[in-house]
Each structure stands twice: as C-alpha cells, then as structure tokens.
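Undergrad: Whatever this is, show me its structure:
(2 chains)
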2 protein chains.
Amino acid sequence: MTDGGDPIQALVRLLSRLPGVGEKSARRIAYHVLGGDPEYARTLGEAIATMSQRVRRCESCGAYTTRARCALCDDPRRSAELLCVVARPMDADAVERARVFQGRYHILHALLDPLGGVGPAEFPLQPLLERVAREGVREVILATPPTVEGEATALYLAECLHAAGVAVSRIASGVPHGGDLEFTDPITLGRAMEGRRSV
Amino acid sequence: MTDGGDPIQALVRLLSRLPGVGEKSARRIAYHVLGGDPEYARTLGEAIATMSQRVRRCESCGAYTTRARCALCDDPRRSAELLCVVARPMDADAVERARVFQGRYHILHALLDPLGGVGPAEFPLQPLLERVAREGVREVILATPPTVEGEATALYLAECLHAAGVAVSRIASGVPHGGDLEFTDPITLGRAMEGRRSV
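TA: Model (predicted):
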C-alpha cells in the first residue's frame, strides 16, 4: 500500500534472491530492517557489501580466510597426507563439525556439470593435481555430494587421481542416522544395500 | 573451519537477528553473499544500510513512504470517513491485498503492552484522536491482531474513541478459511462460537 514502495520493493526483490528467502520472508525482513535499529541496519548492510573485499580464498585449499592461507592449512597438527575434496566451503564446515577427520581440505568451488557450462575444460582440476603432488598427499577422500553432478565429479576426479598414483576413496552414501527406511527414496536404499558391510 | 571466520562469523551473527533467519540459514546466506556476484552483495548491502534514510513514515497515517504523505492518504478515491487501525505496516498491506476496504489506514507502530514497557503513557493515542477529529472520521475499524496485546489495545482504543463520539468496530476472530475444526485451538473455536451470525 505504501508508495514508499519503490525502495522497499527494490530491497524485497534483492532479498528474494538469497537462498531460502521467498517473497514473504523478504518482505518481513525488509520491514524488520525499516522498523528496527538504524545502526544495526547500517552494520549489517556494510558487512554484506564489503564481505568480498575482506574475505578471500586460501591460496592452498580455497577456504574463505582473511589471510593468504587459512588457519587449517597452517596447522601442523593436520595431516597433509590425507586430503578431503569438497564442493563448497560449507561442506568442509560440515565435515569439521563431525570431528572425524584430521587431514586437510580442498575446496573445488565447482562441480562437473557439462549442461550447466562446467565441462572438463572449465573444471578446476589442475590446482588439485598440483597440490597432491606438491604436498605429498597419499589418500584423497572424495566428499562431493551424492547428487548427479557430485557423482560425476567424483568419478572424474577418481580417474585423474588414480593416474597420478594416489589412493582415492569416496564417502559412503546410504540411509542417514535416525532415518526411516519406509520414507527413504529407492536410490538411497539401493546405495545402502550396495554399500553394505559385514558385521 | 575458516579463520576468515571473523568477518563471516560477524555477518552470520548479524543475519541471525533477522526474523525467520536461524543460525543455519544465516550461514547459508553468508556463504551465498561471499560466493556470489560482488555487485549484487554491494547493492543489497547498501539498500539495507540506507533504507531508513530513504524511507520515512507518512505524517498522516504512519505508512512507509518516500514523501511527506503516502499515496494512499493522497488518493481522493479513498474515503476519509472510514479508518482501519493496524499495528504494523505489513498488516495494512495484508488488508489491502484482501481488496475489501476502501477507507484509509492508521498505523500505530505499537501495541499496548504494559509488561513490555508500553503502557497508556507510552502508547501513541494522541495522533489517532487528532486525526479522527481533523479528518472527520465516522467509523474506526480496529484491526490489531487477535493476540493478548492486540486485544488489550483494541479494548483501550474502543474506550477512548467512544468517548470521542465515533463508531468503533473490531474485525472478526474465528476459524480461518480452509481451516479444520479438529486442529483449531480452543480459544479460536470459542471466539468462532461467540461471534456466530444467524444465517
């Protein structure tokens, strides 16, 4: 109803492009920003606007960092022989939260997706191969997601890494912890059966 | 896992304060901002930061507008005799979307909430009373929400407006359209029974 509609509508449209934010939540957020503390809005706005200038990618693993190399790559307690390859920084965060991995990460920031314009020519394979050779990596764990693009990427990387003479493994795919078989999709169940282990 | 954690963590904390944004979605949004188009992040950030400077409240009804008075208050087709009182700008938007109201709005930007620090002394009653007198309002529809604070506000406003000699009505409360009686809470059902109309 407001004609002040213009700046508000513009903000709603911008907010709607964020992941998980629909038109309704965008509107709610816009009104919250308007009705709330202007100092908070200024701080949040500046944090968003300047983030890409203050944060860069670790020159070694690709994680977000404020320095040339991230803390994890500089941590001598993390084994350089074991490398976990993930698609996105948040995937590495998820593995870290599980506290089961003591090696280092390599963040692709990409998945093989020929239909989406990322074929072998566009895919950032070279930095990974160079790193494996440079740091004496012995095993690479492929932790790309169990999706079509993630599986294609894992398959492609497995071939290239085998040729480089390094051990390669793939994270297991199956029924998640606490999951219900009744509501598990057939592909997942198929993978869970295929990947069964003797007990 | 990133030590670039600082600016990212700061952004996640700021984002978590937005309505409907939990820690997980805040993290997702932060990574989206980082991994996406820097120009988009700059535009969004500036829109958030400067919104409160570009948008103000209509001096007549309190709606957000870029001018002194909003388009709706300046629209001669909207009756000045009928006034719909709401708590927040988004509530007026919701009534507008229903296309059932041809009068004007009055946005309180507050509800009576003595425990929350808004007693009769803090409540913005005077602007409403002055507006009713100045614009020759005949009927006030109280469309504050059917919550404890909304009902208290409606009761308080009804008293004050009756004293000012104006007709006062309250929006109906009951089972929503498409609602299931089985899953309707007892208070709503009680109101639906109380507010029944002969057919």
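
Undergrad: okay, and the helix or strand of chain A with the least pLDDT?
TA: helix A:186-194 (a mean of 83; mean pLDDT, DSSP states H and E).

Undergrad: which parts of that helix are buried?
TA: Neighbour counts over helix A:186-194 (16 or more other C-beta atoms under 10 Å in any protein chain shown) mark A:188, A:191, A:192 as buried. C-beta: built from backbone N, CA, C; applies to glycine.

Undergrad: Please apply the same query to stretch A:52-65.
TA: Quick answer for stretch A:52-65 (16+ other C-beta under 10 Å): A:52, A:54, A:55, A:57, A:58, A:60, A:61, A:62, A:63, A:64, A:65.

Undergrad: what's the least confident helix or strand of chain A in contact with?
TA: Residues from elsewhere that reach helix A:186-194, judged by C-beta atoms under 8 Å, 6 or more residues apart in numbering or on different chains: A:146, A:173, A:174, A:175, A:181, A:184.

Undergrad: quick revisit: okay, and which of the buried residues of stretch A:52-65 map to strands?
TA: A:57, A:64, A:65 (DSSP state E).

Undergrad: From these, list the ones also adjacent to chain B.
TA: By C-beta under 8 Å from any C-beta of the partner chain, the members of those lying near chain B are A:64, A:65.

Undergrad: what's the residue closest to the geometric middle of chain A?
TA: By C-alpha atoms, centre = their mean, chain A has its centre lying nearest to residue A:88, at 1.7 Å.

Undergrad: what about that one, distance to chain B?
TA: From residue A:88 over to chain B the distance is 7 Å, taken as C-beta to the nearest C-beta, to the nearest Å.

Undergrad: how about that residue, what does it touch?
TA: Contacts of residue A:88 by C-beta under 8 Å, 6+ apart are A:107, A:109, B:31, B:35.

Undergrad: cool, residue A:59 as well?
TA: Here residue A:59 is in contact with A:68, A:69 (C-beta under 8 Å, 6+ apart).

Undergrad: repeat that with 6 Å
TA: residue A:68 (C-beta atoms under 6 Å, 6 or more residues apart in numbering or on different chains).

Undergrad: what are the phi and psi angles of it?
TA: phi -70, psi -20 (degrees, to the nearest 10).

Undergrad: who's in contact with residue A:195?
TA: Going by C-beta under 6 Å, 6+ apart, residue A:195 touches A:172, A:174.

Undergrad: and the gap between it and chain B?
TA: 27 Å.

Undergrad: how about residue A:41, secondary structure?
TA: Of the three states, residue A:41 takes helix under DSSP: H, G, I helix; E, B strand; the rest coil.

Undergrad: Is it in contact with residue B:46, as I believe?
TA: No - counting by C-beta atoms under 6 Å, residue A:41 does not reach residue B:46; the two are 10.9 Å apart.

Undergrad: quick one, which of these two is more surrounded?
TA: Higher neighbour count among residue A:41 and residue B:46: residue A:41, with 22 against 15, using other C-beta atoms under 10 Å in any protein chain shown.

Undergrad: which one is the more buried one nearest to, not counting chain neighbours?
TA: Of all residues not flanking residue A:41 in the chain, residue A:33 sits nearest, at 4.9 Å (C-beta to C-beta, 6 or more residues apart in numbering or on different chains).

Undergrad: Break down chain A into its strands, ranges please.
TA: Ranges of strands in chain A, per DSSP E, are A:56-57, A:64-65, A:82-86, A:104-107, A:139-142, A:167-170.

Undergrad: So which of those has the densest surroundings on average?
TA: A comparison of the strands of chain A by mean neighbour count, using mean count of other C-beta atoms under 10 Å in any protein chain shown, puts strand A:64-65 on top with a mean of 27.

Undergrad: can you count the residues close to residue A:121?
TA: 7.

Undergrad: again with residue A:162
TA: 12.

Undergrad: gap between it and chain B?
TA: 27 Å.

Undergrad: swap in residue A:115?
TA: Residue A:115 sits at a distance of 20 Å from chain B (criterion: C-beta to the nearest C-beta).

Undergrad: Between the contacts of residue A:88, which sits nearest residue A:136?
TA: When these are ranked by distance to residue A:136 (C-beta to C-beta), residue A:107 comes first, at 19.6 Å.

Undergrad: Now for the closest one: which residues touch it?
TA: Neighbouring residues of residue A:107 by C-beta under 6 Å, 6+ apart: A:61, A:62, A:63, A:86, A:89, A:92.

Undergrad: thought the third one was touching residue A:70?
TA: Yes - counting by C-beta under 6 Å, residue A:63 touches residue A:70, with 4.5 Å between them.

Undergrad: how far away is residue A:79 from residue B:109?
TA: 58 Å (C-beta to C-beta, to the nearest Å).

Undergrad: again, but for residue A:135
TA: Counting by C-beta to C-beta, the gap from residue A:135 to residue B:109 is 59 Å.

Undergrad: what's the answer for residue A:104, then?
TA: Residue A:104 sits 53 Å away from residue B:109, going by C-beta to C-beta.

Undergrad: repeat for residue A:38
TA: Distance, residue A:38 to residue B:109, by C-beta to C-beta: 15 Å.

Undergrad: That'll do, ta.
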